[in-house]
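**Student:** Sequence isn't available, so here's the structure alone:
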């Protein structure tokens, strides 16, 4: 009695069918998880936007400079009309909604560096930078926040958040007018600064930044008298760096590689390390936000990015 023998061509055909079915099932499972609700009122599909020039999601572990105003965001960011005056506190309300028109509430956002929503506020000269955190109102998708503009002009507000449904960073922007003559960008490259007894320096790998090339940054903090630096924590990190281009088309929100908060850098010579990729040449500023001796300090560094 002869046994049935499967020819190589028949075996190959069976294997191809099995591989096809496995692929189809895997894709179906992937899409089901991608589009299903994630414990919030929103799903991944609520943050989809069809067409070209759509703002990309950002990997929270590797944030880079993104052109927020020149790309289409899948989130609408609208401010309630308000009156504002230079030097006075502005209390304003804004709304966040998805591309499908659904409100974005606190339950729809993940906590990133101790907050669910970060606002980076900066004037046209990039001289007045403020990092503030809104609070939700009782209306879904509506948030309240305050800040006091030190200068006049059209302030730009960048929103930085991570939807629960995507687990990846997303951004949006809106402008607020402050009456008066705005200051203009008039800053020469400067990578050192001093605040009281503290001295700050921002150093670039190879002494320069070139567009589209990843660059290592080192932020050094010293006391003039050589005493130890009491470096505190700011929003779950030893420092935050925020970069803006001259035209305020976008920003980058960076955090140091030194992530072990139980083991701070050498107190007598603390150095913090970052990495950034800037897509276009031009003039930029990086604002460092640091806590020293329990007080929050903001330090600007001005530089040019080579082509």
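**Tutor:** Ah, there it is. On a predicted model such as this, the values are computed, not experimentally measured, just so you know.
**Student:** quick one: what helix or strand has residue 145 in it?
**Tutor:** strand 142-147 (DSSP states H and E).
**Student:** Give me the buried stretch members for that strand, please.
**Tutor:** 142, 143, 145, 147 (16 or more other CB atoms under 10 Å). Using the backbone N, CA and C atoms, a C-beta is placed for each residue, glycine as well.
**Student:** That strand packs against which elements?
**Tutor:** strand 90-98, strand 129-132, strand 135-136 (3 or more CB pairs under 8 Å, 6 or more residues apart in numbering; DSSP states H and E).
**Student:** just to revisit the earlier point, and which of the buried residues of strand 142-147 is nearest residue 209?
**Tutor:** residue 147 (29.3 Å; CB to CB).
**Student:** How much space separates that closest one from residue 155?
**Tutor:** 8 Å (CB to CB, to the nearest Å).
**Student:** Now for the two: what residues contact both?
**Tutor:** In terms of CB atoms under 8 Å, 6 or more residues apart in numbering, residue 147 and residue 155 are both contacted by the residues residue 121.
**Student:** got the helices and strands packed on strand 142-147 as TSV, with mean neighbour count columns?
**Tutor:** Listed next are the helices and strands packed on strand 142-147 as TSV, based on neighbours: other CB atoms under 10 Å:
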stretch	mean neighbour count
strand 90-98	19
strand 129-132	18
strand 135-136	14
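**Student:** Of those, which is nearest residue 285?
**Tutor:** strand 129-132 (7.9 Å).
**Student:** in the stretch 151-300 of the chain, which spans are strands?
**Tutor:** 153-161, 170-178, 192-195, 198-204, 209-210, 215-223, 240-245, 251-254, 271-276, 282-292, 295-306 (DSSP state E, counting those that start in this stretch).
**Student:** got the domain boundaries for the chain?
**Tutor:** 44-178, 192-306 (automatic domain parsing).
**Student:** Those into TSV, with extra columns for distance to residue 17 and mean pLDDT?
**Tutor:** Output for the domains of the chain, formatted as TSV (distance: least, CB to CB, whole Å; pLDDT from 0 to 100):
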stretch	distance to residue 17	mean pLDDT
domain 44-178	31	90
domain 192-306	45	94
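**Student:** For residue 21, find the nearest of the ones you listed.
**Tutor:** Per CB to CB, nearest to residue 21 of these: domain 44-178, 25.3 Å.
**Student:** how much space between residue 280 and residue 304?
**Tutor:** Distance from residue 280 to residue 304, by CB to CB: 12 Å.
**Student:** middle-most residue in this protein, spatially?
**Tutor:** residue 253 (4.1 Å; CA atoms, centre = their mean).
**Student:** need the contact list for that residue.
**Tutor:** Neighbours of residue 253 in contact, by CB under 8 Å, 6+ apart: 63, 118, 120, 160, 240, 241, 242.
**Student:** Give me the neighbour count for residue 216.
**Tutor:** Residue 216 has 13 neighbours, counted by other CB atoms under 10 Å.
**Student:** who's in contact with the nearest residue to it once chain neighbours are set aside?
**Tutor:** Counting by CB to CB, 6 or more residues apart in numbering, the nearest residue to residue 216 once its immediate chain neighbours are dropped is residue 205, at 4.1 Å. Residue 205 is in contact with 215, 216, 217, counting by CB under 8 Å, 6+ apart.
**Student:** what kind of secondary structure is residue 21 in?
**Tutor:** Secondary structure, DSSP: H, G, I helix; E, B strand; the rest coil: residue 21 is helix.
**Student:** How about the contacts made by residue 166?
**Tutor:** Shown in contact with residue 166 (CB under 8 Å, 6+ apart): 44, 47, 57.
**Student:** Could you save the residues you listed as a markdown table and add columns showing distance to residue 291?
**Tutor:** Shown next, in a markdown table, are these (distance: CB to CB, whole Å):
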| residue | distance to residue 291 |
| --- | --- |
| 44 | 36 |
| 47 | 33 |
| 57 | 30 |
